[in-house]
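[1] Based on what follows, work out the 3D shape:
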Amino acid sequence: MRPQSVILTFLGDHVYGRGICVASRTFIDAFARVGISEEATRSTLTRMVRRGLLRRTRAGRRMYFGLTPASTDVLRDGERRIWRSGVVNDTDEDRWTLIGFSLPESWQRERHELRSRLVWAGFAPLRNGLWIAPGEVDATGLTAGLGDGVKVFAAEPRPPTDMHAVVADAYDLAGLGARYRDFLRTWDRADPAPEAPDDLARSLLLLTGWLQIIRADPRLPLRYLPDDWPAEKAQRVCHTLHERFRPEAVEVVARLLDAVPDETWTNG
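    Below you'll find the predicted structure:
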């Protein structure tokens, strides 16, 4: 489990929306509970500052870390995926977004970045240069700066198109389903993560693992998924355990927390 992923989980569950900057020692003590060393925590915090995901501020002799607009966007997206949109897409509409692109051979970096952004947004390739995603996706940010080389369409399937076959060919349903089932094997038990020292550690492991799965889930229409699709059960387990772990997790964070007000923070 990558330290940056755990840091983002901690920020999303205990810092986001509070208008505070957190001392490095708090991160070190919290992440030691899930086996992340002090060196790994410090180096990850430094990399996140370099990438614009955190900013440093000093108070006295101590260094504190606050959110940036970029990390706030990431955390807001995580909150939406976990608590609002859900993993089940049971809409009656059969609407899709198509993106076609043809970029110059010299634009290898731009092509790679576009593909990465498309995967993040739930797209998968139908064929070379033509990608599809469920629902109506606002692709403005995905295609910014690429000019006329990209075309975006809203679409509905028509006969003789077999959307079950299209979905099965474009998306790795077996791999995604296996990740949900692995999650259930790990967490759907009376005493999950018994090796963890406390419920803060359990909640960090739980939500980090869950986010890694649902960020790879394009929320395909339920009608095109196998009858035994495990996502909804896994979501219930995640939400139930988070509620169970949260009281002690909050208490542990309160004991560890060294924070100062974030002078740049505005609520909303």
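[2] looking at this, Phe65 is in a helix?
    No: counting by DSSP: H, G, I helix; E, B strand; the rest coil, one finds Phe65 to be strand, located in no helix.
[3] any idea how far Glu110 is from it?
    Phe65 sits 32 Å away from Glu110 when distances are taken as C-beta to C-beta, to the nearest Å. Where you see a C-beta, it was placed from the backbone N, CA and C, and this is true even at glycine.
[4] Who has more neighbours out of these two?
    Just comparing Phe65 and Glu110: by other C-beta atoms under 10 Å the higher neighbour count belongs to Phe65, 26 against 15.
[5] For the residue nearest to that one when sequence neighbours are not counted, give the beta-bridge partners.
    Leaving aside its chain neighbours, Phe65 sits nearest to Leu54 (4.7 Å; criterion: C-beta to C-beta, 6 or more residues apart in numbering). In this entry, Leu54 is beta-bridged to Leu67, by DSSP bridges.
[6] and Leu54, how many residues sit next to it?
    For Leu54, the neighbour count with other C-beta under 10 Å is 23.
[7] check contacts around it.
    Leu54 is in contact with Leu45, Met48, Phe65, Gly66, Leu67, Thr68, Ser71, counting by C-beta atoms under 8 Å, 6 or more residues apart in numbering.
[8] Tell me how far it lies from Ile82.
    Leu54 sits 21 Å away from Ile82, going by C-beta to C-beta.
[9] could you pull out the helices for the stretch 1-150 of the chain?
    Ranges of helices in the stretch 1-150 of the chain, per DSSP state H, counting those that start in this stretch, are 3-14, 24-32, 38-50, 69-79, 108-120.
[10] Nearest approach to Pro194 belongs to which of the ones you listed?
    Distance to Pro194, taken as C-beta to C-beta, is lowest for helix 24-32 among the helices of the stretch 1-150 of the chain, at 18.1 Å.
[11] where's the closest one relative to the chain centroid, distance-wise?
    Between the centre of helix 24-32 and the centre of its chain there are 22 Å (C-alpha atoms, centre = their mean, to the nearest Å).
[12] what do you get for stretch 36-55?
    The answer for stretch 36-55 is 18 Å, by C-alpha atoms, centre = their mean.
[13] In the helix or strand bottoming out on mean pLDDT in the chain, which residues are buried?
    The helix or strand of the chain with the lowest confidence, counting by mean pLDDT, DSSP states H and E, is helix 108-120 at a mean of 87. Counting neighbours by 16 or more other C-beta atoms under 10 Å, one finds that the buried residues in helix 108-120 are Arg111, Leu114, Leu118, Val119.
[14] can I get the residues you listed in TSV with distance to Leu222?
    Listed next are the buried residues of helix 108-120 as TSV, based on distance: C-beta to C-beta, whole Å:
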residue	distance to Leu222
Arg111	33
Leu114	29
Leu118	22
Val119	21
